[in-house]
Every structure is written in C-alpha cells, then in structure tokens.
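1. sequence and computational prediction follow.
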Amino acid sequence: MSPAMPFDVRTAWPWAISVLLVLLANAVRRPRKYARFPPGPTPLPLIGNALDFPRTHLGREFAEMAKKYGDVVYLNVLGQDTVVLGSLKAARDLLDKRSANYSDRPTSVMVQLVGYDWLFALMNYGSRWRQHRRAVHPTMTPDVVPQYQAFQSDAARNLIRLILQSPGDLGSHIKFTFAAIVMGALYGIELREPHDKYYHMVERMGEVGEEILIPGRFPVEAFPVLRYLPSWFPGGGFKKWAADAKRDISSIVDYLFEGSKSVITTDASRRPMIHRILGDTPSQESTELEKMCKEVAATMYVVLSARVSNATMGAFFVAMALYPEVQKKAQQELDRVVGAERLPDFSDRPSLPYVNAIVKELLRWHPATPMGVPHRILADDEYNGHVIPGGATIFVNIWAIFRDPELYPQPDEFMPSRFLDTAGNLDVHGRDPTDVVFGFGRRICPGRHFADSALFILCASVLSAFEIGPPVGEDGVPIPFKREAADHCVVSHPKVHQYTMKPRSVHVDHLVRTANEQ
Ligand code: HEM
C-alpha cells in the first residue's frame with residue numbers, strides 16, 4: 001500500500017506565504033559565527049543551500065562535495081544548519097569521542113503528527129530515550145542474541161521453501177522473511193504466510209517510518225508553521241495522511257502487544273524480547289512498564305530493523321547473480337564443511353570464513369543506510385578550527401567511508417576475499433564494516449548483533465540450497481542487469497530482479513522439511 005501524496009504543488013500557495021516569512025526571518029538572523037562554519041557550497045540568498053542538497057544518490061553526491069570542501073561540509077538547508085561528515089576519522093572524533101554532545105536526534109514535526117513520539121530511535125537525547133535504550137540493552141547483547149537463533153533458522157528454512165514454491169516472488173519473500181524473524185524474536189508471534197494480518201500491520205508501520213525520514217519529503221519539517229494549516233485547506237493534505245497513519249499505528253501497536261502477552265513460551269530458546277523485558281525489570285509499576293515495553297518493542301520493529309535488513313538481503317541476491325565466482329567459492333566451502341545431507345546451522349559459522357566474509361562485504365558494498373540516521377548536536381563545538389553550531393543536523397556518509405580505496409581497494413567490486421588473510425582466515429582488522437554500518441556513539445544500532453546473525457544464517461542457507469543466476473528472457477538467454485537502488489532515502493532499497501534460482505540438489509525440498517522436524 002503506498003501512502004497518499006501529502007503535498008500537491010498546485011495547491012501550494014498558502015505554503016508559499018509561510019515559507020517566504022520563514023526565509024526572511026532566517027535571512028535577518030544570520031549569525032556572525034557563520035564565517036567560522038566548516039566549508040561548503042555557497043548559499044543562495046533566502047534558501048541557503050537547499051538546491052545543493054543531493055536528490056538522487058545521497059552518498060555519491062555528498063562524496064563529490066567532500067572532494068571539493070573536505071571531510072566536514074556545512075550546508076544551510078532552508079535555515080537548518082547541516083553538517084556532513086565524510087570520513088571515518090571525523091565520525092569517530094565527533095560522534096564517538098564527543099558523544100555526550102552529538103547524540104540527540106533532529107526534531108521532527110512529522111514524527112509528532114504520525115504519533116511516533118514514543119519511537120526511541122527518533123527521540124531526543126534525554127532520560128526517556130535512556131530508559132528505553134536500557135530496557136532493550138540486556139535483550140540484545142552478544143550473549144543473549146544466540147537465544148533468538150531458533151527464530152532465525154526457522155525463517156531461513158522458510159525462505160528456501162518460499163523460493164522453491166515461487167521463485168518469481170523473491171522480493172516479497174525477502175520482506176516476509178525479516179518480518180517473520182523480527183516478529184518472532186520480539187513478540188513471539190509466528191508469521192506463517194505473507195498474507196498474514198500481522199505482516200500487513202508491520203508493513204504499514206515500517207512504511208510510515210521510512211516515509212517521514214526522507215529528506216525534504218514534507219515541507220512542514222523546514223517550515224513548522226505549516227502544521228497549523230487545517231487538513232482541508234489547500235496544501236494541508238499531509239495532515240490527513242499523518243492523522244490516518246497515527247490512528248493505524250496506535251491500534252497496531254496495541255494489537256501486537258496484546259497478541260504477544262497471550263503467547264505462552266515454555267521453551268527458553270523461544271522467549272521473545274517482550275517477555276524478557278517484562279520479566280526482567282520488576283521494580284516499576286506494571287502499567288508504566290507495560291507501556292514502555294510496548295513502545296520499545298514496536299521501536300525495534302519499526303525502525304529500519306526489518307526494512308534495513310531486507311534491503312541488505314536484497315543486495316545479497318544482486319551480488320550473487322553478478323559475481324558467480326564468489327558464489328561458487330562459498331558453495332565449495334559449504335559443501336566441504338556442511339555437506340549435502342543437511343542445511344547449515346549456527347554451529348558451522350566458525351568453520352565458514354568465506355561465507356562470513358560475504359556477510360561483511362555485503363554490509364560494505366551495499367550499506368542499507370548510506371547516510372546513517374541523522375544525529376543532532378546539542379551545543380556549539382569546535383573541530384579543526386571550525387565551529388559546528390549547536391542544533392545542527394549531522395550526517396555521516398557511510399557510503400563514502402566504504403568507498404575509500406585505501407581501506408577497500410576496487411571499492412565498487414564485490415570482493416569478500418578482501419576480508420581473508422593469506423591462510424583463508426577472516427581478517428577484518430581496522431576495517432570491519434560492522435564497526436561502521438551500524439552507526440556511532442550512544443545511538444549505535446542496538447540490533448547489530450541480531451542483524452549480523454540473521455544475515456549469516458540466511459546467506460549460508462540460500463547459498464547451500466540454490467544456484468543464483470542472472471534473470472533470463474523467454475528465449476532462455478541471460479538478461480544483462482546491474483546493481484540499481486533507490487538511493488535518495490534513509491534506506492537504500494536495491495532493485496530485486498527475477499533471478500534464476502536453481503535448486504542445487506533434488507533433495508533441497510526434503511532438507512527443508514527434515515530440518516523443520518528436528
Ligand atoms: C543490516 C541491518 C541493520 C543496519 C544496517 C542497521 C543500521 C542502523 C543505523 C545506521 C542506526 C543509526 C545509528 C546512529 O544513529 O548512529 C540504527 C539504529 C537503530 N537500529 Fe539498526 N540496523 C540494522 C538492523 C536492526 C535490527 C535487526 C534492529 C532491531 C532488532 C535494529 C534496531 C535499531 C534501533 C532501535 C535503532 C535506534 C537506536 C537509537 O536511536 O538509540 N536495527 N540502525
């Protein structure tokens with residue numbers, strides 16, 4: 001379901017008046033310290049650098065800007081100070097080492113309008129965010145994450161089953177797989193088929209979450225005064241869109257939580273996150289605790305989690321179809337370690353360095369959040385002789401860091417062997433993509449160990465079951481294709497083609513069935 005178009009240029013005149021007023025106000029309040037801001041493109045009167053803000057490929061276009069201005073670039077986007085960090089050093093120096101000042105999130109009118117103010121990923125840095133983050137932490141540590149492996153293995157086998165049934169629907173199978181993994185691990189609710197009602201609910205939540213994060217998507221973010229437009233007024237359509245989203249989301253979150261409470265788990269390896277939080281934090285009032293738990297679980301679900309992970313998995317199929325020699329090498333390793341009589345499981349992981357290197361390379365080659373999730377600096381800071389103004393939005397160009405040829409020679413190529421030493425062991429020292437792709441400082445992704453383990457079992461299982469080839473035409477001739485992605489959003493979704501998915505043995509179907517019976 002695609003959201004209604006919330007902004008129509010033909011009815012934009014009321015916006016234009018408000019916009020003009022705000023731009024004039026910005027023009028007269030230009031501070032003197034502006035001269036010491038980091039370098040960047042020359043701003044135009046009134047609109048600043050609004051036209052310089054990339055529109056098609058955020059990572060690549062900001063990387064071009066960095067070549068000209070350096071690894072810390074300043075833009076004034078319709079009055080909003082914006083700083084783009086283009087190197088790992090700048091990101092570590094500021095977001096990691098000065099994290100007390102750099103851990104806020106930009107304030108968003110749309111977040112309030114769609115009722116996502118409980119979503120801790122988008123909350124301002126403060127006591128409420130800290131409380132939510134602390135509730136999640138003990139449920140996502142490297143020691144606890146293995147306890148969710150049963151959900152991840154089930155979903156990997158189910159993915160094979162779905163591909164066997166209808167290889168042409170790969171895009172929706174991938175989406176469904178991550179929805180099922182996260183739904184199981186967070187709520188304990190089992191998603192069986194893509195037409196499941198729970199699946200549609202979480203799709204709706206993710207869709208709204210992603211839409212409001214698209215830079216420039218809603219002019220009300222730059223001109224908050226527009227929030228007072230009535231929804232029936234020309235240009236006020238975004239308010240109706242937001243009100244619909246708010247109503248849907250609120251009922252979905254309640255529904256999921258109630259569904260989860262009624263799940264009974266006797267098997268410790270299938271204890272969902274919600275039960276862990278409700279059971280592990282006994283000191284608070286139960287209603288207050290329940291409310292927080294409901295919000296925390298939904299945050300873990302909505303925020304990018306399923307969508308970011310499935311964007312990464314989508315890129316896996318692109319890479320495998322484009323690089324058959326990589327695929328072949330991984331399959332040789334799997335055949336040697338796992339054999340043809342069973343599917344891989346987590347106990348095989350330490351013996352599969354090449355498959356592990358594929359997961360690392362995947363996160364590097366296609367960073368699903370190429371510009372991370374924006375931070376906001378609280379108070380003025382100085383860096384390399386420049387002032388970074390308090391309140392500025394801070395982006396890290398993760399895409400550019402991963403395209404640094406010093407760290408990753410031939411960066412556009414998919415080359416897992418870059419992460420292996422001469423003896424064939426995994427060697428990521430000083431350039432591990434998982435140290436970058438999951439963000440920085442106090443806001444680092446809490447789901448990173450979970451995501452890493454899900455990606456491993458999915459990649460290993462698919463590689464052992466299928467030979468993935470390029471799409472073919474009706475005449476059976478391969479259709480040339482290249483990597484394409486929507487790169488103007490927070491999440492970069494690769495285009496999923498109709499690959500050929502040839503089972504590697506006639507027993508794959510049997511293996512899936514017997515694995516589920518174990
Ligand atoms: C390949 C998969 C994933 C990638 C690339 C990814 C990446 C990221 C990034 C870049 C951030 C922002 C960090 C920052 O602000 O510096 C983030 C935040 C977050 N991620 Fe992930 N993520 C992934 C999977 C997951 C999963 C599976 C979950 C949950 C189970 C999750 C939950 C979250 C949450 C809740 C936040 C917000 C943290 C906060 O604001 O305090 N992510 N993620």
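-> Looks like it arrived, so ask away.
2. okay, now Arg161: neighbour count?
-> Number of residues near Arg161 (other CB atoms under 10 Å) recorded here: 16. The C-beta positions use only the backbone N, C-alpha and C, and glycine is treated the same way.
3. swap in Glu258?
-> Per other CB under 10 Å, the neighbour tally for Glu258 reads 10.
4. let me know the average pLDDT across the helix or strand hosting it.
-> Taking DSSP states H and E as the definition, Glu258 sits inside helix 237-261. In this model, helix 237-261 carries a mean pLDDT of 87.
5. now do the buried residues in it.
-> 237-239, 241-242, 245-246, 248-249, 252-253, 256-257, 259-261 (16 or more other CB atoms under 10 Å).
6. which of the residues you listed are close to the ligand?
-> Checking the buried residues of helix 237-261 against the ligand by CB under 6 Å from any ligand atom, not one of them is in range.
7. re earlier: who are the packing partners of the helix or strand following the helix holding Glu258?
-> Per DSSP H and E, helix 237-261 leads on to helix 273-280 as the next helix or strand towards the C-terminus. Under the contact definition 3 or more CB pairs under 8 Å, 6 or more residues apart in numbering; DSSP states H and E, helix 273-280 sits against helix 127-136, helix 170-187, helix 237-261, helix 286-302.
8. can you list contacts of the last one?
-> Counting by CB atoms under 8 Å, 6 or more residues apart in numbering, the neighbours of helix 286-302 from elsewhere in the structure are 116, 118-121, 131-132, 135-136, 182-183, 186-187, 202, 205-206, 209, 253-254, 256-257, 260, 273-274, 277-278, 281, 284, 446-447.
9. buried subset of the residues you listed?
-> Using 16+ other CB under 10 Å as the burial test, those include 116, 118-121, 132, 135-136, 182-183, 186-187, 202, 205-206, 209, 253, 256-257, 260, 273-274, 277-278, 446-447 as buried.
10. which residues of the stretch 101-250 of the chain lie near the ligand?
-> Counting by CB under 6 Å from any ligand atom, the stretch 101-250 of the chain comes close to the ligand at 120-121, 133, 182.
11. just the closest of the residues you listed to the ligand, please.
-> Distance to the ligand across these (CB to the nearest ligand atom) is lowest for Ala121, with 3.3 Å.
12. just checking, the closest one touches Val373?
-> Yes - counting by CB atoms under 8 Å, Val373 is a contact partner of Ala121 at 7.0 Å.
13. before we move on, back to that, and Pro470, which of the helices and strands packed on helix 273-280 is closest to it?
-> Nearest to Pro470, of all those, is helix 170-187, at 13.1 Å by CB to CB.
14. and the closest one, what does it pack onto?
-> Packing partners of helix 170-187 (3+ CB pairs under 8 Å, 6+ apart): helix 149-165, helix 197-212, helix 237-261, helix 273-280, helix 286-302, helix 305-322, helix 448-465.
15. now it: how far from the chain's centre is it?
-> Distance of helix 170-187 from the chain centroid (CA atoms, centre = their mean, to the nearest Å) equals 14 Å.
16. again with stretch 499-515
-> 30 Å.
17. next, the buried residues of it.
-> Within stretch 499-515, the residues scored as buried using 16+ other CB under 10 Å are 499-501, 503, 508, 511-512, 515.
18. stretch 38-48 too?
-> Those buried within stretch 38-48 under the rule 16+ other CB under 10 Å are 38, 40-41, 43, 47-48.
19. first-to-last residue distance for that stretch?
-> Start-to-end span of stretch 38-48 (CA to CA, to the nearest Å) is 15 Å.
20. now the residue sitting nearest the centre point of the chain: closest residue in space that isn't a chain neighbour?
-> Central residue of the chain (CA atoms, centre = their mean): Val308, 3.1 Å from the mean position. Excluding the flanking residues, the one nearest Val308 by CB to CB, 6 or more residues apart in numbering is Ala368, at 4.4 Å.
21. correct me if wrong, but that neighbour is in a strand.
-> No - counting by DSSP: H, G, I helix; E, B strand; the rest coil, Ala368 is not part of a strand but coil.
22. who touches it in this structure?
-> For Ala368, the contact set (CB under 8 Å, 6+ apart) comprises 304, 308-309, 311-312, 315, 437, 491-492.
23. near the ligand, from those residues?
-> Near the ligand, by the rule CB under 6 Å from any ligand atom, you find 304, 308-309, 312, 437 out of the contacts of Ala368.
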